[in-house]
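Visitor: Sequence plus predicted model, see below.
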Amino acid sequence: MVRGDSTVLFLNVNLININVNPINISCRIGFTKLTQGTFVNPNLLKSAWAIAFAVVLTLGGTALIKANKVTTTSAEREPMPVAATTYREQPSYQREARYLGVIRAGSDSAVGFEVAGVLTSVTATEGMRVSPGEVLAQLGTDRRQARLDAAMATYDRVVAERAQAEARAERISQLVQNGSASQQEYDDARYAGQALAAAENTAAAQRQSAQLELEKSTLRAPYAAVVAERLVQTGAVVAPGTPVLRLVTATGREAHVGVPAEVARRLNPGESYTLLLQRDRVTARLRSIRDDLDPATLTVGTVFDLPNDAEVAVGESAVLQIAESIASAGGWLPITALLEASRGLWDVLTITADGDGKQRARRESVEILYTRGNEVFVRGTLPSEVSVVASGLQRISPGDLVEPVFSQGAEGVAKGADRVATGVPSS
């Protein structure tokens with residue numbers, strides 16, 4: 001609103017007319033026309049000019065960006081080298097079944113004395129190797145030695161009495177011939193000698209019994225063995241048959257393995273099978289198969305004879321390894337070719353040609369049937385003889401252009417992965 005000479009003028013404003021094209025901008029702004037008797041709000045006028053200025057700046061900047069934009073054509077992405085392998089379907093696969101067992105000694109026994117007495121000494125210690133007949137422990141022998149001495153004295157007395165009786169019978173026999181003695185006296189002397197002969201045998205048996213008791217007071221090793229455990233301490237009174245030491249054979253180890261009943265039916269006694277020990281792998285002969293089923297493990301017991309040179313301790317674990325053929329169609333792939341998917345399945349990326357003949361990655365679903373080291377046996381939607389990305393799945397996505405790099409075996413896959421990592425194309 002403009003005031004002058006008492007005359008009130010109103011500003012008539014024609015708002016902004018803007019014609020814009022991508023390159024040129026023309027603005028026609030109708031300037032105010034003052035007419036007498038018209039009132040104009042000055043704040044409205046200022047706001048209109050500010051809006052017009054902002055619109056002009058925005059459209060001008062947009063036009064400059066469009067004018068300076070350089071039109072480019074993106075080059076098509078080059079195929080990415082990837083380690084690849086070929087999936088070949090087969091009707092079955094070999095599975096290495098393993099069954100756990102334990103190593104036992106050929107003989108594992110607790111030995112003791114056959115007679116009672118006080119344990120005076122134990123010469124064998126745990127871990128000691130003993131030979132057959134070697135002294136292990138000793139009982140007190142004072143009473144037995146005295147009994148043996150008495151038995152020997154009795155025997156000597158009876159022997160002397162018998163000799164005297166036989167000599168008397170001989171003299172009476174001569175007197176009978178001369179008529180100086182009767183037949184009755186001769187018979188008495190003769191039978192007395194026979195009675196003393198029987199008494200001599202009794203005394204000899206008593207002497208031998210006392211001698212055996214004395215010998216049984218010494219505990220000796222029944223076979224070549226290793227002392228596994230000492231069960232009684234020195235000074236204890238032991239009864240006949242009380243275990244004193246536990247012995248295990250130094251050689252002749254056995255492997256006792258429980259297997260399912262259907263597996264036991266396929267085993268043949270006398271044949272050799274592979275056993276995995278703590279330090280090495282050995283071939284053991286199957287000695288026997290039990291006919292009963294263990295109620296605790298529901299397995300059938302088998303006994304294998306280990307080689308004499310097998311370095312294994314009693315109580316160690318042994319694993320029976322048996323190859324089994326499973327009738328299930330599928331194929332082998334490296335474990336690095338798998339991508340985790342939903343519902344327990346896995347995905348792989350196959351390499352197939354598109355409509356233009358270019359190699360592209362495509363997602364397929366598989367199921368793992370068996371794992372063997374770095375390989376898995378799978379089945380799924382894969383066609384046989386299809387190329388599969390073997391490793392480096394994090395670098396590509398389904399639909400990407402790829403260049404397969406084929407190598408043989410697990411070592412070849414690793415080499416192929418190294419070539420892919422360095423960007424070396426396949427020859």
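Guide: Ah, there it is. The model shown is predicted, which means the values in this text are computed figures rather than measured ones. Numbering: from 1, shown residues only.
Visitor: CA only for contacts and neighbour counts going forward, please
Guide: Will do.
Visitor: I'd like to know which elements the lengthiest helix in the chain is packed against.
Guide: Ranked by number of residues, the top helix in the chain under DSSP state H is helix 142-178. In terms of contacts (3 or more Cα pairs under 8 Å, 6 or more residues apart in numbering; DSSP states H and E), helix 142-178 is packed against helix 183-216.
Visitor: Residue 214: what's it in contact with?
Guide: 141, 144, 145, 148 (Cα atoms under 8 Å, 6 or more residues apart in numbering).
Visitor: Pull out the buried residues from the residues you listed.
Guide: With burial judged by 16 or more other Cα atoms under 10 Å, the buried subset of these is 141, 144, 145, 148.
Visitor: what's the burial count for residue 174?
Guide: Neighbourhood size, residue 174 [other Cα atoms under 10 Å]: 13.
Visitor: ditto for the one 10 residues further on
Guide: Taking other Cα under 10 Å as the criterion, the count of residues near residue 184 is 11.
Visitor: just residue 237 next, same as before
Guide: 15.
Visitor: What of residue 312?
Guide: Other residues close to residue 312 by other Cα under 10 Å number 20.
Visitor: Quick check: it is in a strand.
Guide: No: applying DSSP: H, G, I helix; E, B strand; the rest coil, one finds residue 312 to be coil, outside a strand.
Visitor: how close does it get to residue 280?
Guide: 10 Å (Cα to Cα, to the nearest Å).
Visitor: picking that back up, which positions in the longest helix of the chain come out as buried?
Guide: Residues of helix 142-178 classed as buried: 144-145, 147-148, 150-152, 154-155, 158-159, 161-162, 164-166, 168-169, 172-173, 175 (neighbour count, 16+ other Cα under 10 Å).
Visitor: and what of stretch 208-217?
Guide: So, applying 16+ other Cα under 10 Å, buried residues of stretch 208-217: 210, 211, 213, 214, 215, 216, 217.
Visitor: quick one: contacts for the first one?
Guide: Residue 210 makes contact with 144, 145, 147, 148, 151 under the criterion Cα under 8 Å, 6+ apart.
Visitor: got it, and the last one?
Guide: Listed by Cα under 8 Å, 6+ apart, the contact partners of residue 217 are 113, 114, 115, 117, 138, 139, 140, 141.
Visitor: try residue 302
Guide: Contacts for residue 302 were tallied using Cα under 8 Å, 6+ apart; they are 256, 257, 258, 259, 286, 287, 288, 289, 290.
Visitor: cool, residue 269 as well?
Guide: Contacts for residue 269 (Cα under 8 Å, 6+ apart) come out as 285, 286, 287, 288, 289.
Visitor: Helix, strand, or coil at it?
Guide: coil.
Visitor: what's the closest non-adjacent residue to it?
Guide: Using Cα to Cα, 6 or more residues apart in numbering and skipping the chain neighbours, the partner closest in space to residue 269 is residue 286 (5.0 Å).
Visitor: ok, and the most crowded of the contacts of residue 217?
Guide: If you rank those by neighbour count (other Cα under 10 Å), residue 139 sits at the top with 25 neighbours.
Visitor: What does that residue show for phi and psi?
Guide: In terms of degrees, to the nearest 10, the main-chain angles of residue 139 are phi -100, psi 160.
Visitor: which residues does residue 353 contact?
Guide: Contacts here follow Cα under 8 Å, 6+ apart; on that basis residue 353 touches 359, 360.
Visitor: Oh, that last question was meant for residue 148, not what I typed.
Guide: 207, 210, 211, 214.
Visitor: go on, residue 174?
Guide: By Cα under 8 Å, 6+ apart, residue 174 lies in contact with nothing.
Visitor: next one: residue 218
Guide: Residue 218 neighbours (Cα under 8 Å, 6+ apart): 113, 135, 136, 137, 138, 139.
Visitor: can you count the residues close to the fourth one?
Guide: The one in question is residue 137. Residues within reach of residue 137, counting by other Cα under 10 Å, total 21.
Visitor: and it, what are its bridge partners?
Guide: Per DSSP bridges, the residues bridged to residue 137 are residue 122, residue 219.
Visitor: Run a quick check on it versus residue 123, I expect a contact.
Guide: Yes: in terms of Cα atoms under 8 Å, residue 137 counts as a neighbour of residue 123; the distance is 5.7 Å.
Visitor: ends of stretch 337-349, how far apart?
Guide: Start-to-end, stretch 337-349 (Cα to Cα) is 8 Å.
Visitor: repeat for stretch 258-275
Guide: By Cα to Cα, the extent of stretch 258-275 from end to end equals 13 Å.
Visitor: Once you drop chain neighbours, what's closest to residue 196?
Guide: Residue 196's closest residue in space is residue 162 (Cα to Cα, 6+ apart), at 4.9 Å.
Visitor: who's in contact with that neighbour?
Guide: Residue 162 neighbours (Cα under 8 Å, 6+ apart): 193, 194, 196, 197, 200.
Visitor: at 7 Å what do you get?
Guide: Residues in contact with residue 162, defined by Cα atoms under 7 Å, 6 or more residues apart in numbering, are 193, 196, 197.
Visitor: just to revisit the earlier point, any chance of TSV for the buried ones among the contacts of residue 214, columns pLDDT?
Guide: TSV is the format used below for the buried ones among the contacts of residue 214 (pLDDT from 0 to 100):
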residue	pLDDT
141	87
144	87
145	89
148	88
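Visitor: Out of the residues you listed, which comes closest to residue 407?
Guide: residue 141 (81.1 Å; Cα to Cα).
Visitor: how near is the closest one to residue 119?
Guide: 10 Å.
Visitor: And for residue 85?
Guide: To residue 119, residue 85 is 74 Å away according to Cα to Cα.
Visitor: what's the burial count for the nearest residue to residue 305 once chain neighbours are set aside?
Guide: Leaving out its chain neighbours, the residue that sits closest to residue 305 by Cα to Cα, 6+ apart is residue 254, at 4.9 Å. Residue 254: 24 surrounding residues under other Cα under 10 Å.
Visitor: For residue 254, which residues count as its bridge partners?
Guide: For residue 254, the beta-bridge partners under DSSP bridges are residue 104, residue 305.
Visitor: residues touching it, list them.
Guide: 103, 104, 105, 106, 303, 304, 305, 306.
Visitor: Then residue 256?
Guide: If you count contacts by Cα under 7 Å, 6+ apart, residue 256 has them with 101, 102, 103, 301, 302, 303, 304.
Visitor: The third one - nearest residue in space that isn't next to it in sequence?
Guide: Of all residues beyond its chain neighbours, the one nearest residue 103 is residue 255 (4.6 Å), with distances taken as Cα to Cα, 6+ apart.
Visitor: That neighbour: what's it in contact with?
Guide: By Cα under 7 Å, 6+ apart, the contact set of residue 255 is 101, 102, 103, 104, 303, 304, 305, 306, 318.
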